[in-house]
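Visitor: Sequence unavailable; structure follows:
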């Protein structure tokens, strides 16, 4: 199965010096933490997997919210895994190199929470990727993607990727708010329990029914 994913963040949005981007990322992380608080209201020990962990920034957030939980993480890029390992030396994470469309090292319903941030837009077969994410989750699935066409319009306004009409390299799939909700609701295994739109992204928490 081919995958045209561009490994890593095309731009380092988590550690940028751009004040506007810092403001946007602050809102993104606040909404992410709000969804995690929804899950973690009883402070139970759970098993968590981040699919497409990149260089490990979200893993640090997960650890802060779920101190005693078991963390797993995978990414298509071995280089990104190495970066994540360097960032996460203060806590234990079981890393593996895997394609989000073929999570064969994980079993059915292995994790209480599966997190997949800014990955689905890169997949050559996002429907199969979503099925894999749902397969390995026993309870919760938290996903986020760019809010289109706002994402591309903003890129063009700042003079980026003009030949590709503002499309960030590696983005193969584009969802509006309505289309992403429809995409996530392709089957009845999960229901949407929380939706946030931290501009210019969209973030959805699903729960197995």
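Guide: Yep, that arrived. Keep in mind that this is a model prediction, so the values were computed, not measured. Residues are numbered from 1 along each chain as shown.
Visitor: how far does the helix ranked longest in the chain sit from the chain's center?
Guide: The longest helix of the chain (DSSP state H) is helix 19-39. Offset of helix 19-39 from its chain centre (Cα atoms, centre = their mean, to the nearest Å): 13 Å.
Visitor: any idea how far the residue lying farthest from the centre of the chain lies from residue 187?
Guide: Centroid-distance maximum for the chain: residue 163 at 26.9 Å, with Cα atoms, centre = their mean. Residue 163 is 38 Å from residue 187, where distance means Cβ to Cβ, to the nearest Å. For the C-beta atoms, the positions are set from N, CA and C on the backbone; glycine is no exception.
Visitor: Report the strands that pair with the very next helix or strand once past the longest helix of the chain, each with its relative direction.
Guide: Proceeding N to C from helix 19-39, the next assigned helix or strand is strand 47-51, under DSSP states H and E. Looking at strand 47-51 with DSSP bridges, its partner strands are strand 70-75 (parallel), strand 111-117 (parallel).
Visitor: quick one: contacts of strand 47-51?
Guide: Under the criterion Cβ atoms under 8 Å, 6 or more residues apart in numbering, residues 58-59, 62, 66, 69-74, 98, 100, 103, 106, 110-117, 119, 133, 136 lie in contact with strand 47-51.
Visitor: from those residues, which would you call buried?
Guide: The neighbour count (16 or more other Cβ atoms under 10 Å) marks 58-59, 62, 66, 69, 71-74, 98, 100, 103, 106, 110-117, 119, 133, 136 as buried among the contacts of strand 47-51.
Visitor: Output the contacting helices and strands for the helix or strand of the chain with the lowest mean pLDDT.
Guide: Using mean pLDDT, DSSP states H and E, helix 19-39 stands out as the lowest-scoring helix or strand of the chain, at a mean of 91. The criterion is 3 or more Cβ pairs under 8 Å, 6 or more residues apart in numbering; DSSP states H and E, and the helices and strands that helix 19-39 contacts are helix 57-65, strand 137-146, strand 190-196, strand 201-208.
Visitor: Okay, buried residues for it please.
Guide: 24, 25, 28, 31, 32, 35, 36, 39.
Visitor: Could you do stretch 151-171 as well?
Guide: 151, 152, 154, 155, 156, 161, 166, 167, 168, 171.
Visitor: who's the spatially most central residue of the chain bridged to?
Guide: The chain has residue 117 as the residue nearest its centroid, 1.0 Å off, counting by Cα atoms, centre = their mean. Residue 117 has these beta-bridge partners by DSSP bridges: residue 144.
Visitor: Surely it and residue 143 touch.
Guide: Yes. Using Cβ atoms under 8 Å, residue 117 is in contact with residue 143, at 7.4 Å.
Visitor: intersection of neighbour lists for those two?
Guide: Joint contacts of residue 117 and residue 143 (Cβ under 8 Å, 6+ apart) do not exist.
Visitor: My guess is residue 195 contacts residue 185. True?
Guide: No. With contact defined as Cβ under 8 Å, residue 195 does not reach residue 185; the gap is 11.6 Å.
Visitor: These two: which is more packed in?
Guide: Using other Cβ atoms under 10 Å as the criterion, residue 195 and residue 185 rank with residue 195 on top: 16 against 13.
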